[in-house]
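S.K.: what would the 3D arrangement of this be:
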Amino acid sequence: MSHSYEAETILGRIVNEIEETAIALILGLMTILTFINVVLRYGFNTGIIWGLEAVTFLFAWLVLFGVSYCVKVTAHLGVDAVINLFSPPVRRALALLAAAVCLIYAALVFKGAWDYWAPFAGFDATSGRWFPTGFEDSRDQAWYEVVDMPMPEWLRWIEPIFNENEAYEKIPRFIPYAMLPFGMALLLFRFIQATLRLLNGQATSLIVSHEAEDEVEAVKHMNAGD
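M.R.: Numbering: from 1, shown residues only. Okay, here's the model as predicted:
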């Protein structure tokens, strides 16, 4: 099972509360929008035009945000049947090797996420095929909008900054797409933390192991009186 995460500092507790609150809010908004659209569709033959698009973006946010949270609380599933055949020192070496691969992967995906998102915000993508070697001129795509979600009035202040004072009819794409670099940066950070836990001996794996056995142990006391 995933371990019960306990922050060691005040900042850690604050960040953990923010993460869990954000995940809960995203799930809640997805549920509310879907429920309202179902009621409107089958009860009144209408619906929120931008509801499906909003739920799609929220689901993407949930995945990108949740993957790093699962690394933090060691909730990702994995197969350790072969790994457990080795001695503890070998298992630790394999865990560190896996952590190194995850760090490289997260760094590459973070670069790709930035390079994809940056032009939509009017920023420059990085140069270099695998690792960033600087920045290169990118075509400004900050005027790109989503399909259905209308532009809220309280966001009009971004128009002179990102769209040369031109008005947006729909929400600009760089806003929902911003979760790409943010989520991948957070994933890289969580993998760094997980690697440090392995090096310090505070953890033995990046994945949850013996899930079924742990669940049985957790509920064994419930059947003790039978």
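S.K.: output the below-cut-off pLDDT ranges for this protein.
M.R.: Where the chain drops to pLDDT under 70, the residues are 1-8, 81, 209-226.
S.K.: make it 90
M.R.: Regions of the chain meeting the criterion pLDDT under 90 cover residues 1-20, 43-47, 69-95, 98, 127-140, 164-165, 193-194, 197-226.
S.K.: now do the strands in the protein.
M.R.: Assigned by DSSP state E, the strands in the chain fall at 125-127, 134-136, 145-150, 170-172.
S.K.: ok, now how distant is the nearest residue to residue 144 once chain neighbours are set aside from residue 149?
M.R.: In this structure, residue 144 finds its nearest non-sequential neighbour in residue 173, 4.6 Å apart by Cβ to Cβ, 6 or more residues apart in numbering. Where you see a C-beta, it was placed from the backbone N, CA and C, and this is true even at glycine. When distance is defined by Cβ to Cβ, to the nearest Å, residue 173 is 10 Å away from residue 149.
S.K.: scan the protein for its longest helix.
M.R.: Longest helix in the chain by number of residues (criterion: DSSP state H): helix 10-44.
S.K.: hang on, residue 77 packs against residue 207?
M.R.: Yes. Counting by Cβ atoms under 8 Å, residue 77 sits close enough to residue 207 to count as a contact (6.4 Å).
S.K.: higher neighbour count, these two?
M.R.: Taking other Cβ atoms under 10 Å, residue 77 and residue 207 do not tie; residue 207 has more neighbours (18 against 10).
S.K.: that one: what's it in contact with?
M.R.: Contacts for residue 207 were tallied using Cβ atoms under 8 Å, 6 or more residues apart in numbering; they are 74, 76-78, 80.
S.K.: residue 183 touches residue 65, doesn't it?
M.R.: Yes. Counting by Cβ under 8 Å, residue 183 touches residue 65, with 5.7 Å between them.
S.K.: more crowded one of these two?
M.R.: Using other Cβ under 10 Å as the criterion, residue 183 and residue 65 rank with residue 183 on top: 22 against 18.
S.K.: spit out the contact partners of the more buried one.
M.R.: Contacts of residue 183 (Cβ under 8 Å, 6+ apart): 61, 64-65, 67-68, 113.
S.K.: OK, contacts around residue 194?
M.R.: With Cβ under 8 Å, 6+ apart, residue 194 has these contacts: 71-72, 74, 99, 102, 203, 206.
S.K.: one more time with 7 Å
M.R.: Contact analysis of residue 194 by Cβ atoms under 7 Å, 6 or more residues apart in numbering lists 71, 99, 203, 206.
S.K.: what is the burial count for the second one?
M.R.: The burial count assigned to residue 99 is 21, neighbours taken as other Cβ under 10 Å.
S.K.: distance of the residue lying closest to it once chain neighbours are set aside from residue 101?
M.R.: Spatial nearest neighbour of residue 99, chain neighbours left out: residue 195 (4.2 Å); criterion: Cβ to Cβ, 6+ apart. For residue 195, the distance to residue 101 equals 11 Å [Cβ to Cβ].
S.K.: compare the two (neighbour count), which wins?
M.R.: residue 195 (19 against 12).
S.K.: and that one, how close does it get to residue 160?
M.R.: Remark: distance between residue 195 and residue 160 (Cβ to Cβ) = 43 Å.
S.K.: quick one: the residue nearest to residue 29 when sequence neighbours are not counted and residue 30, what's the gap?
M.R.: Sequence neighbours aside, residue 58 is the residue nearest to residue 29 in space, at 5.7 Å (criterion: Cβ to Cβ, 6+ apart). If you measure residue 58 against residue 30 using Cβ to Cβ, the figure is 5 Å.
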